[in-house]
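J.: Sharing a model prediction with you, sequence too.
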Amino acid sequence: MIRLLIALLLCWATAAQAHQASEGYLVYRVEGADVEQRLDLALRDLDRDLGLDANGDGQLSWGEVRSRWSDIESLADRGLSFQADGAACALQRRAEPQLDEHSDGRHAVLISHWHCPAAVHELQIDYRVFATTDAGHRALARLVGAAGEPLVLMPGAGPQRLTLDGRGFGGFVVEGMAHIASGLDHVLFLVTLLLVAVWRREGAGWVPRASARSALAETLRLVTAFTVAHSITLGLAASGLIDPPTRWVESLIALTVLLAALDNLRPFVPGPRWSMVGLFGLVHGVGFAGPLKDLGLRGQELLLPLLGFNLGVELGQLAVVALLLPLALLLRDRAAYRRWIVPGGSSAVAMLALLWCVERSLDLSLLP
Amino acid sequence: MKVKAWLALLLAWSLAASAEPFIPKDDAEVVQRLPYRVDAAERASRVALARDPSQLPLAVSTARAALDRARIHGDPRELGAAQAALAPWWTQRDAPADVVLLRARLLQARHDFAAALTELRGLLARADLAVEARAQALLDAAAIHQLRADLPEARALCEQLRPLAALPATACLAELASLSGDAPAASQVLARLSQGRSISPWLALMRAELAERLGDEATAPALYRAALAGQDEVYTRAALADWLLSRGRAAEALALMERSADAEADALLLRRVIALRQLGRPTPLVDTLRKRLAAADRREPGRHAREQARFALDVEARPREALRLAQANWAFQREPADALLLLRAAVAAGRDGDATRLQLARFVLERGWQDARLVAIDGSLTS
């Protein structure tokens, strides 16, 4: 290509680019009037500006980095300042030198603790790190517990604001309910279960339960099994402890819906139904975690959002039960329910779930 | 209840654990490899420039050195360093010609082709432009037109270049001829240019790419290796790796890339992951690469579709997504490698790719593009 030629004249061609430009990561954690600031800067960038590679061997040892830590801190101090609601905060202490791994290599982690005059509502951040040496440098700033994309800070672009998210426990409950309402696969899974919760299995078929009480008890067992199971995996996935690929999870969720629907048509899954529901619930829990995962919460901070979100999911679930169960109870002895509603409904769900399975596992788009 | 206790433990454990920064135990522990070193002279000139940023010659040479490093090592960080050196003139329309040329290069390297062309056109309109700068601007503009497959525009620019710089003009016109149905003749022209002396890396690379398109199984790798021996650049290494990968020689490709000091550069990281996948070896690098591509897309949305499409196609095996990205990339850059990617994605997507295949076939046949790689996938693409 012609661009190879350019090397001839002024010695440049736009050959393949590595696509990781310099990025810093800025995270604030606010608790009342206390602010923890964490700034991660790439060791490569710091080496460029400060010449950290003392012995010039083309690699940085921990000793080389640590012995220049005060220079690194003062570079960061010159390049970054913040105010809380217009007022300056007082530095309380700094954490000791430490490192962290990012996608483009190791970063120096600079943690400082600040005390502000009053409870903090908004931070104004003035970021100028590397402004004179790397015009392509950017920092991604975020506030722990706040949803959404991080704020992109351009060095020297003037103060930018990070506002504390007012969303409390109630917000997470609403989000959990919205998640159920918008997730057709979760709702259909529940519907499929409820259709035959008013029946009991006998051999290779189903017979109506004699009393409403036993149907209610069965429903309670199913909902409890589902709840316990998905709460476990929701917690694990939200905290990042397990992180299976989305595509697998989505495919498996579709598979659980398919198997449940087929089991309605002709019971084949061994064991009591709640055990199947519990197993499948583990898969659904991972699927619930998405909205929580991006918040960057850790340890204790995750507890309330997790509880709120889970409560929202349960409320959504109960709404489905409250709508459907009375109908199913009324109809459970009717011939139409046995001949048409359960087989028809389950077949329709099975078809849809099969399509989802194929779509999600093969990354196709069959449905409009 | 045993089960309950177990569950409580699980939940507590999941809440407690998360990734944390660490403190290395030993001062001697290597915590970061530097892909290349900045020598004392370079550092001194940076310090001098930092003291007085308005020194034009120093700023230009600093920016140029940074752009060179960006190219050789495939490191976009250096683009930011180049821009910082040019900061006093960055928004100045009538900046010195050298600055405008470097500005255009930077924009091009960031895949902002339209803005780069605007800079170059502005420069070429200057009546008092020095011959060297004019030649450079013509060639740079031709390169941008070529990579968007605007071949007549590129040809017109290289014709203008002929009286100013004969060798690059000849090579440029030969390259364009090779994309307009005259590949064998172009190959001979380029071969004649390298007679007598030892072959220069840029010419070897240009000939290697043409040999690959002509399906010359022996010449292409030899020329790639000659180019690499002359100038060790990420681009050349990636091109040779691709040649090996497309022949199922993943182990060789992997060794070639892991030998490089720039093995962490995105272009090589992508191909390492593809090689490891071909070898059936699971690797955590997939996750690193996914994060890097996401970071690139966040920074310059839509400009990195080529790598994203390759990742979706060859790593994630998501043909529909690969096709969507390859189409987005094709709207944006149209070099032979982009056509190959688009065709592979279209074939992988099955019936969803049929329309794309037809469009691409029309494009290739109209222009008389000859590319053995395309023909090997779809026999109807013979010119």
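T.: Thanks, I have it.

J.: Now do the helices in the stretch 201-350 of chain A.
T.: Applying DSSP state H, counting those that start in this stretch to the stretch 201-350 of chain A gives helices spanning A:212-238, A:246-265, A:273-288, A:290-293, A:303-331, A:335-336, A:342-362.

J.: Over in chain A, which residue gets nearest chain B? Let me know.
T.: Nearest residue of chain A to chain B, counting by Cβ to the nearest Cβ: A:Gly136, 2.6 Å away. Quick note: C-beta positions are derived from backbone N, CA and C, even for glycine.

J.: in which helix or strand would I find the residue lying closest to that residue once chain neighbours are set aside?
T.: Take A:Gly136 and drop its neighbours on the chain: the residue closest to it by Cβ to Cβ, 6 or more residues apart in numbering or on different chains is B:Gly80, 2.6 Å away. Assessed by DSSP states H and E, B:Gly80 sits inside helix B:77-85.

J.: quick one: contacts of the helix or strand that that helix is followed by?
T.: Next along the chain after helix B:77-85, taking DSSP H and E as the criterion, comes helix B:97-109. With Cβ atoms under 8 Å, 6 or more residues apart in numbering or on different chains as the contact definition, helix B:97-109 has outside contacts at A:10, A:12, A:14, A:17, B:56, B:59-60, B:63-64, B:67, B:70-71, B:76, B:79, B:82-83, B:86, B:89-90, B:92, B:95, B:113, B:115-117, B:119-120, B:122-123, B:126, B:129-130, B:133, B:136-137, B:140, B:143-144.

J.: Just the CA atoms of helix B:97-109, as PDB, please.
T.: Only the C-alpha atoms of helix B:97-109 are listed here, as PDB (Å, rounded to 0.1, in the frame of the first residue of the first chain):
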ATOM      1  CA  ALA B  97       4.300  23.200   6.700                       C
ATOM      2  CA  ASP B  98       6.200  20.600   8.800                       C
ATOM      3  CA  VAL B  99       3.600  21.000  11.600                       C
ATOM      4  CA  VAL B 100       0.700  20.600   9.300                       C
ATOM      5  CA  LEU B 101       2.200  17.500   7.800                       C
ATOM      6  CA  LEU B 102       2.700  16.000  11.200                       C
ATOM      7  CA  ARG B 103      -0.800  17.000  12.300                       C
ATOM      8  CA  ALA B 104      -2.300  15.300   9.200                       C
ATOM      9  CA  ARG B 105      -0.300  12.100  10.000                       C
ATOM     10  CA  LEU B 106      -1.600  12.100  13.600                       C
ATOM     11  CA  LEU B 107      -5.200  12.500  12.400                       C
ATOM     12  CA  GLN B 108      -4.700   9.700   9.900                       C
ATOM     13  CA  ALA B 109      -3.100   7.500  12.600                       C
END
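
J.: pLDDT weak spots in the stretch 151-300 of chain B?
T.: Where the stretch 151-300 of chain B drops to pLDDT under 70, the residues are B:196-197.

J.: Tell me the residues of it that contact chain A?
T.: For the stretch 151-300 of chain B, the contact set with chain A under Cβ under 8 Å from any Cβ of the partner chain comprises B:154, B:158, B:165, B:167-168, B:171-172, B:175-176, B:201-202, B:205-206, B:209, B:233-236, B:238, B:262, B:264-267, B:269, B:288, B:291-293, B:295-296, B:298-299.

J.: Drop anything exposed from these.
T.: B:154, B:158, B:165, B:168, B:171-172, B:175-176, B:201-202, B:205-206, B:209, B:233-236, B:238, B:262, B:264-267, B:269, B:288, B:292-293, B:295-296, B:299 (16 or more other Cβ atoms under 10 Å in any protein chain shown).

J.: on that earlier part again, right, and the residue of chain A closest to chain B touches B:Gln83 too?
T.: Yes - in this structure, A:Gly136 is within contact of B:Gln83 by Cβ atoms under 8 Å, at 6.3 Å.

J.: so how far is A:Leu26 from the closest residue to A:Leu39 other than its chain neighbours?
T.: Distances taken as Cβ to Cβ, 6+ apart place A:Leu110 nearest to A:Leu39, at 4.6 Å, with adjacent residues excluded. For A:Leu110, the distance to A:Leu26 (Cβ to Cβ, to the nearest Å) stands at 10 Å.

J.: Neighbours of B:Arg237, how many?
T.: 26 (other Cβ atoms under 10 Å in any protein chain shown).

J.: Wait, a strand at it?
T.: No - read with DSSP: H, G, I helix; E, B strand; the rest coil, B:Arg237 is helix and lies in no strand.
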